[in-house]
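Colleague: Let's see this in three dimensions:
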Amino acid sequence: MTDWTSGYVADIGYTFGYYKESNPQHLRLAFLNAGLTFPEIGTACELGFGQGVSANCHAAGSVTQWFGTDFNPAQADFAQELATHSGAAVQLFDNSFAEFNAREDLPDFDYICLHGIWSWISDENRTEIVDFVRRKLKVGGVLYISYNTQPGWATMLPMRELFVEHAQIMGATGHGMVNRVNTALAFAEQLFSTNPAYLRANPQLAERLKTITGQDRHYLAHEYFNRDWQPMSFAKMAVWLASAKLNFACSAHYQDHIEQLHLSTEQQKLLHDIPDPLFKETVRDFCVNQQFRRDYWVKGARTLNHVEQAAALRAHRLLLIQHRADVSLTINCNQGQVAMQEPIYAPILDALANHKPQTIGQLEQAIKSHGITFPQLLQAVVILTDTGALAAVQSDAVIEQAKTQTDKLNHHLCTKARDMRELNYLASPVTGGGIMLTRFPQLFLLALTEGNTQPQEWAKFVWDILSAQGQRIVKEGEKLSTEAENIAELNRQAIIFDEQQLPILRALAIA
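Modeller: Here you go, the predicted structure:
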């Protein structure tokens, strides 16, 4: 009997995550900051879309035609359910990469993305992906690819093999994948308690195992327990993609564009003196002990001159999507915890606090009296977009066209929140992507769409759902037992939602 899984974990579904780097709108600022031209995205494709949350948010939130495949039929079925409710131009399949590559009914693409999957598949499947990109990505088109990389995973490779060996040899297959993950982690903890020489030589593994033990078991099953698992150096990735005629464009992780956040002065000088851009990336990965790369590659990189770059940057539209008081001016990076300069960031955030779209050029004029230079403004925009405080904004015409689709998708997602906690994203036609929103705020929003106008009505609406399912709220680690306590807590959350989250959701055309 043929094993259709090809060694990939398929008896447990992947998480319901959303990955903003795969949003075509995300590449715009990255490319402009790097001085590169970017394509208008009319057709796009996601390979290995998992549960399809990203693909459906991007399809519903845009006028782009989306296609994709994920070989797990249960995941493809869920993704297709979302697509059916939004009515967006998206076609999602459960083909293997080889089957998808052989299809003759697919268009050529302006944009192809795959998140994480590259690290978990065989060389045969990698060959299919590269061939697909070579044939189907248009000239000037962009590939987004993220993957586990060396050297950050070097010391973890033996531990990963230990996990898999334990699951295969010691795990009880009839008890399911979660049980095998748990027993493998418990065995690793037992091994570490004996103080083995490998742990003494690599003491950082103790903290890493502690972190892993606290992570979602569905994620861990896919991250560590597939038959094929290969962190890859940037240099090897460049070799793989060379046959598809791709050039490295830039990192999709905006923080990587700000070198002083990650590199010492000596490291910056070392990299500056390396003329080859690909070797420079390899050396940089050693400097920062890179564990996970998120990169854009382009078929035919073209640079902008300084005048074109400055004009395009000033025309870039953005929106503050966090409450002004919630925006942190401290970020964690390779150089440790870094505090942003209040005299620069405060005027920028104040100018954006009305949650209305502005271009960088308009923002530049609004803060002109504060003596903030354009390079300082651009760096702040890049960092605040990376942290999730800011988001790129689409044209008004696209927003208007996409809103019907996002309304339909979001209503379906909010309805599923009645009995499902994992779907913590809604789609915005303003950003063309997903916005994180947890279960109770989704249910408050559902209550609002069903005619309940006051926070106390939203709280009662949610309590009726929870009580019917025998559920209670856990606050500060304690379960609230009485109806009065639960309703009081829901009232408190509903008021915060009304005052802080709802205005932003309206700015995002979600509410």
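
Colleague: Flag the shaky bits of this structure, pLDDT-wise.
Modeller: Along the chain, the parts satisfying pLDDT under 70 run over 1-14, 171-175.

Colleague: domain ranges for it?
Modeller: 20-151+229-298, 158-224, 439-511 (automatic domain parsing).

Colleague: Out of those domains, which one sits most buried?
Modeller: By mean neighbour count, with neighbours taken as mean count of other C-beta atoms under 10 Å, domain 20-151+229-298 ranks first of the domains of the chain at a mean of 20. In short, each C-beta sits where N, CA and C put it, glycine included.

Colleague: quick one: that domain to chain centroid distance?
Modeller: Its chain's average C-alpha position is 12 Å from that of domain 20-151+229-298, according to C-alpha atoms, centre = their mean, to the nearest Å.

Colleague: what does stretch 467-481 give?
Modeller: 30 Å.

Colleague: cool, stretch 177-194 as well?
Modeller: Mean C-alpha position of stretch 177-194 versus that of the full chain (C-alpha atoms, centre = their mean) differs by 29 Å.

Colleague: ditto for stretch 313-332
Modeller: Worked out by C-alpha atoms, centre = their mean, stretch 313-332 lies 17 Å from the chain centre.

Colleague: Now that stretch: buried residues?
Modeller: Along stretch 313-332, these residues count as buried under the neighbour rule (16 or more other C-beta atoms under 10 Å): 313-314, 316-323, 327, 329, 331.

Colleague: out of the domains of the chain, which comes closest to residue 396?
Modeller: domain 439-511 (10.6 Å; C-beta to C-beta).

Colleague: phi, psi of residue 307?
Modeller: phi -70, psi -50 (degrees, to the nearest 10).

Colleague: What is the neighbour count of it?
Modeller: 8 (other C-beta atoms under 10 Å).

Colleague: again with residue 387
Modeller: By the measure other C-beta under 10 Å, the count of residues near residue 387 is 16.

Colleague: Tell me, how many residues neighbour residue 398?
Modeller: Around residue 398 there are 18 other residues, counting by other C-beta under 10 Å.

Colleague: Now for it, which secondary structure element holds it?
Modeller: helix 396-416 (DSSP states H and E).

Colleague: can you check residue 435 too?
Modeller: Element membership of residue 435, judged by DSSP H and E, is strand 433-436.

Colleague: follow-up on the earlier one: return the closest of the buried residues of stretch 313-332 with respect to residue 354.
Modeller: Nearest to residue 354 among the buried residues of stretch 313-332: residue 320, at 8.2 Å, using C-beta to C-beta.

Colleague: Run through the residues that contact the closest one.
Modeller: Counting by C-beta atoms under 8 Å, 6 or more residues apart in numbering, residue 320 touches 327, 349, 352, 353, 355, 389, 390.

Colleague: do residue 229 as well
Modeller: Contact analysis of residue 229 by C-beta under 8 Å, 6+ apart lists 119, 120, 160, 164.

Colleague: tell me the SS of it?
Modeller: With DSSP: H, G, I helix; E, B strand; the rest coil as the basis, residue 229 sits in coil.

Colleague: Would you mind measuring from the residue nearest to residue 76 when sequence neighbours are not counted to residue 70?
Modeller: Leaving aside its chain neighbours, residue 76 sits nearest to residue 94 (3.6 Å; criterion: C-beta to C-beta, 6 or more residues apart in numbering). When C-beta to C-beta, to the nearest Å is the yardstick, residue 94 and residue 70 sit 7 Å from each other.

Colleague: Same question for residue 454.
Modeller: Using C-beta to C-beta, residue 454 is found at 42 Å from residue 70.

Colleague: And the domains of the chain: which comes nearest residue 374?
Modeller: Relative to residue 374, the nearest member of these by C-beta to C-beta is domain 20-151+229-298, separated by 12.4 Å.

Colleague: quick one: common contacting residues for residue 94 and residue 70?
Modeller: In contact with both residue 94 and residue 70: residue 76, using C-beta under 8 Å, 6+ apart.

Colleague: elements contacting the helix or strand where residue 26 lies?
Modeller: According to DSSP H and E, residue 26 maps onto helix 24-33. Contacts defined by 3 or more C-beta pairs under 8 Å, 6 or more residues apart in numbering; DSSP states H and E place helix 24-33 against strand 137-148, strand 247-251, strand 292-298, helix 306-315, helix 374-387, strand 390-392.

Colleague: Turn those into a markdown table, columns for distance to residue 66.
Modeller: Formatted as a markdown table, these follow (distance: least, C-beta to C-beta, whole Å):
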| stretch | distance to residue 66 |
| --- | --- |
| strand 137-148 | 14 |
| strand 247-251 | 21 |
| strand 292-298 | 18 |
| helix 306-315 | 25 |
| helix 374-387 | 23 |
| strand 390-392 | 18 |
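
Colleague: Of the ones you listed, give the one that comes closest to residue 340.
Modeller: Across the helices and strands packed on helix 24-33, residue 340 has its closest neighbour in helix 374-387 (6.9 Å, C-beta to C-beta).

Colleague: got the angle between that closest one and helix 24-33?
Modeller: Helix 374-387 and helix 24-33 meet at an angle of 150 degrees, taking axes from the mean of the first three to the mean of the last three C-alpha atoms, to 10 degrees as the criterion.

Colleague: Give the buried residues for helix 374-387.
Modeller: Quick answer for helix 374-387 (16+ other C-beta under 10 Å): 376, 377, 378, 379, 380, 381, 382, 383, 384, 385, 386, 387.

Colleague: what residues are up against the first one?
Modeller: Spelled out, it's residue 376. Counted by C-beta under 8 Å, 6+ apart, residue 376 has contacts residue 344.

Colleague: could you pull out the strands for the stretch 51-200 of the chain?
Modeller: Counting by DSSP state E, counting those that start in this stretch, one finds strands in the stretch 51-200 of the chain at the ranges 65-69, 90-93, 109-115, 137-148.

Colleague: which residues touch the shortest one?
Modeller: Spelled out, it's strand 90-93. If you take C-beta under 8 Å, 6+ apart as the criterion, strand 90-93 is touched by 49, 52, 55-56, 59-60, 65-70, 76, 79-80, 83, 100.

Colleague: quick one on the thing from earlier: contact partners of whatever helix or strand comes next after the helix holding residue 26?
Modeller: Per DSSP H and E, the first helix or strand lying C-terminal to helix 24-33 is strand 43-47. For strand 43-47, contacts defined as C-beta under 8 Å, 6+ apart pick out 22, 24, 54-55, 58, 64-69, 97, 100, 106-115, 117, 129, 132, 136.

Colleague: Neighbouring strands - and their directions - for strand 43-47?
Modeller: strand 65-69 (parallel), strand 109-115 (parallel) (DSSP bridges).

Colleague: what about burial for the contacts of residue 320, which qualify?
Modeller: So, by 16+ other C-beta under 10 Å, the buried ones in the contacts of residue 320 are 327, 349, 352, 355, 389, 390.

Colleague: who's in contact with the closest residue to the last one other than its chain neighbours?
Modeller: The one in question is residue 390. Ranked by C-beta to C-beta, 6+ apart and with sequence neighbours excluded, the top spatial neighbour of residue 390 is residue 384, at 4.5 Å. Going by C-beta under 8 Å, 6+ apart, residue 384 touches 327, 345, 348, 349, 390.
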